[in-house]
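1. predicted model and sequence follow; I will ask about them next.
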Amino acid sequence: MSGERAAEPAVADLLIVGAGAKAAAIAAKVHAINSLGMGPVRVAMIEKAVPAASWLGRNGMTSGEEPLAVPPIKDVGFPYRSHRQFGEAGDEIDAALLPLSWKRFAIERREWAPWVNAGSPAVRHRDYGEYLTWVLERATEGVTVCRGRVTEIEPAPDGEAWEAAVDERGDADDPQRHRARALVLTGPGVHRELPHDPAVAERVFHCDSDRGEFRRVPEGRPVDIGIVGGGESALSALVFLRSLRPACRITVYTPTLPLSRGESFLENRVFADPDDVEWERLDEQTRRDFVRHCDRGVFDSRVLERISGDEACTFKVGRAVHVAAAPGGEGALLEYESPDGVVAAPHDFVVNCTGFDLLEQMRELFSPRLREWVEEQAGPLWDRPPQAEVPIGRALELVGVEPRLHIPGLGALSQGPGFANLGSLGLLANRVLEPLLAELGSPAAPTSNHPRNRSLSLD
């Protein structure tokens, strides 16, 4: 891939873990800024698989054939309103992004007119993954993509930057060191555990299980499968299993009846730019209600239409609490909270799609000492009460932590629902880059004051 290097350790202004949609949006914006002479800004991203792996169906159970829940015109530059952050320079930046737009990608593939004439139908995850790969192949000004697995993250000895140990050659004992003044964690995180008996472990899958693991589900005879969860992961599992084992019976367990989000004007405005409704000034319950009804626990309406006549697929309201071994070891008992109390339902297999935990990703990458220090700055994180709001600031950073630690996926409740998905990739990039551009003295720097970071000390 153009711009991909792994021989030398990267020294950058921004280090991004993961090369998916959020990383592509930041890379595109940095490429535009540097191309216009408003830099230089240096970005390095670390990807353990291939760029856009989850979208392409090369990571976890997603096949890449699932329909994209948002229109692809909400691409890496959307909503193209950078003047709100960068003034007149923002208009130039948005114009420089157009060669990396979805429209340009579709035109190059000679698919733009057929797609528009067909009514702009939903595209597949795989199509969007190919678009993101295409963006990263072209967004090369100041952007480096390094293949490898991040094994540890620590502050630099001078306290002015982050350092990441990266296994680039399959030798964990001799990692490369990558340094940057700010860190961005992307990706879905680590799947949430569903408590289960050890004896039934082979019958419990989770939402990032490799698709090959599902070959354990017998073929050619009816098999009963329970899927736990009410979001896109559960829907992906349903679609994938229906294709893999057409004869299976599927029951989806959700805390509430499945909902589908309509593309209303107001909802789209909030996803594109939450400042339109002064999101940060809304009370917490209003923000929670919007996120719950329009993002989390919401199924794609087009897929729901596809399965509406599927009599072998049913939904039950309840919150799963445990999976036990069935008597005799033949099957599993899914225990869930129902209106009648805890009920046990028999299944041959159970798929845990209760979601991902981004903070667990930090737990794996951060040493115990660093985790303790982070909590001293940001407050309780890993043992916080369930559903407690994580303090995420305007730059989608963990408030109080310096050098900056950006976690856009945790920004939905504090900053707006579009930051946790594809709703506002261009705005996400602007928010992350704002303080960095101010520090670098870029012509695109916002006019507001951004004090320089204080030094990091673990003492």
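-> It's in.
2. just for the protein, where's the confidence low?
-> By pLDDT under 70, the low-scoring segments of the chain are 1-10, 59-63, 170-172, 188-189, 208, 257-265, 295-308, 386, 447-459.
3. dump the residue contacts of the residue lying closest to Thr186 once chain neighbours are set aside.
-> Closest residue to Thr186 apart from its sequence neighbours, by C-beta to C-beta, 6 or more residues apart in numbering: Gly18 at 3.8 Å. Backbone N, C-alpha and C define where each C-beta goes, glycine included. With contact taken as C-beta atoms under 8 Å, 6 or more residues apart in numbering, Gly18 is in contact with 45-47, 185-187.
4. ok, now how distant is Gly18 from Ala445?
-> 26 Å (C-beta to C-beta, to the nearest Å).
5. now do the domain split for the chain, please.
-> 11-190+357-440, 193-258+297-354 (automatic domain parsing).
6. list the contacts for Glu193?
-> Asn352.
7. neighbours around the closest residue to Arg371 other than its chain neighbours, how many?
-> Closest residue to Arg371 apart from its sequence neighbours, by C-beta to C-beta, 6+ apart: Arg363 at 6.5 Å. Using other C-beta atoms under 10 Å, Arg363 has 13 neighbouring residues.
8. and the longest strand along the chain, which strands flank it?
-> Secondary structure of the chain per DSSP state E: the longest strand is strand 176-185. Looking at strand 176-185 with DSSP bridges, its partner strands are strand 11-17 (parallel), strand 162-167 (antiparallel), strand 405-406 (parallel).
9. how far does the first one sit from the chain's center?
-> Centre-to-centre, strand 11-17 and its host chain are 18 Å apart (C-alpha atoms, centre = their mean, to the nearest Å).
10. after it, which helix or strand is next?
-> The first helix or strand that comes after strand 11-17 along the chain, using DSSP states H and E, is helix 21-35.
11. let me know the angle separating that following helix from strand 11-17.
-> Taking axes from the mean of the first three to the mean of the last three C-alpha atoms, to 10 degrees, one finds that helix 21-35 is oriented at 160 degrees with respect to strand 11-17.
12. and helix 21-35, what other elements does it pack with?
-> Under the contact definition 3 or more C-beta pairs under 8 Å, 6 or more residues apart in numbering; DSSP states H and E, helix 21-35 sits against strand 11-17, strand 43-47, helix 88-97, helix 125-138, strand 143-147, strand 176-185, helix 425-440.
13. do you know which of those lies nearest Gly331?
-> Nearest of these to Gly331, taken as C-beta to C-beta: helix 125-138 at 31.7 Å.
14. CA atoms of that closest one as PDB?
-> C-alpha atoms of helix 125-138 as PDB (Å, rounded to 0.1, in the frame of the first residue of the first chain):
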ATOM      1  CA  HIS A 125     -19.900  -3.100   4.400                       C
ATOM      2  CA  ARG A 126     -17.300  -4.500   2.000                       C
ATOM      3  CA  ASP A 127     -17.900  -1.700  -0.500                       C
ATOM      4  CA  TYR A 128     -17.400   0.800   2.300                       C
ATOM      5  CA  GLY A 129     -14.200  -1.000   3.400                       C
ATOM      6  CA  GLU A 130     -12.900  -0.800  -0.200                       C
ATOM      7  CA  TYR A 131     -13.600   2.900  -0.100                       C
ATOM      8  CA  LEU A 132     -11.700   3.300   3.200                       C
ATOM      9  CA  THR A 133      -8.800   1.300   1.800                       C
ATOM     10  CA  TRP A 134      -8.800   3.600  -1.300                       C
ATOM     11  CA  VAL A 135      -8.700   6.700   0.900                       C
ATOM     12  CA  LEU A 136      -5.700   5.400   2.900                       C
ATOM     13  CA  GLU A 137      -3.900   4.600  -0.300                       C
ATOM     14  CA  ARG A 138      -4.200   8.200  -1.400                       C
END
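15. show me what it is packed up against.
-> Against helix 125-138 (3+ C-beta pairs under 8 Å, 6+ apart) you get helix 21-35, helix 53-56, helix 102-108.
16. indicate which one of the ones you listed is closest to Glu163.
-> Closest to Glu163 of these is helix 21-35 (C-beta to C-beta; 18.8 Å).
17. burial count for Arg177?
-> 13.
18. ok, Thr314 next?
-> 11.
19. how about the strands of the stretch 151-300 of the chain, start to end?
-> Assignment of strands within the stretch 151-300 of the chain using DSSP state E, counting those that start in this stretch yields the ranges 162-167, 176-185, 190-191, 204-206, 224-228, 249-254, 259-260, 298-299.
20. so which of those strands is nearest Ser367?
-> Closest to Ser367 of the strands of the stretch 151-300 of the chain is strand 162-167 (C-beta to C-beta; 10.8 Å).
21. could I have that closest one exported to CSV, CA atoms only?
-> Extracted in CSV, the C-alpha atoms of strand 162-167 (Å, rounded to 0.1, in the frame of the first residue of the first chain):
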residue,chain,number,x,y,z
TRP,A,162,3.0,8.7,24.4
GLU,A,163,5.1,5.7,23.3
ALA,A,164,3.7,2.5,21.9
ALA,A,165,5.5,-0.9,21.7
VAL,A,166,4.6,-2.5,18.4
ASP,A,167,5.3,-6.0,17.3
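22. now do it against strand 43-47, angle only.
-> Between strand 162-167 and strand 43-47, the angle comes out at 40 degrees (the same axes, to 10 degrees).
23. and strand 162-167 with strand 143-147, angle?
-> Interaxial angle, strand 162-167 versus strand 143-147 (the same axes, to 10 degrees): 40 degrees.
24. gap between strand 162-167 and the chain center?
-> 21 Å.
25. outside of it, which residues touch it?
-> Against strand 162-167 from outside (C-beta under 8 Å, 6+ apart): 15, 17, 46, 146, 148-156, 175-183, 403, 405.
26. what about Arg126, distance to Thr133?
-> 10 Å.
27. for Pro443, same thing?
-> From Pro443 to Thr133 the distance is 30 Å (C-beta to C-beta).
28. give the contact list for the closest residue to Pro195 other than its chain neighbours.
-> Once flanking residues are discounted, Pro195 sits nearest to His322: 4.8 Å by C-beta to C-beta, 6+ apart. Shown in contact with His322 (C-beta under 8 Å, 6+ apart): 194-196, 335.
29. pretty sure His322 sits in a helix.
-> No. Assigned with DSSP: H, G, I helix; E, B strand; the rest coil, His322 falls outside any helix and is strand.
30. bridge partners for it, pull those for me.
-> Beta-bridge partners recorded for His322 (DSSP bridges): Glu335.
31. returning to what we had before: out of the strands of the stretch 151-300 of the chain, flag the one nearest Leu358.
-> strand 176-185 (6.9 Å).
32. now do the closest one: distance to the chain's middle.
-> Counting by C-alpha atoms, centre = their mean, strand 176-185 comes out at 19 Å from the chain centroid.
33. what comes up buried for it?
-> Neighbour counts over strand 176-185 (16 or more other C-beta atoms under 10 Å) mark 176, 178-185 as buried.
34. circling back: so which of the helices and strands packed on helix 125-138 gets nearest Pro222?
-> For the helices and strands packed on helix 125-138, the distance to Pro222 is smallest for helix 53-56, at 30.5 Å, taking C-beta to C-beta.
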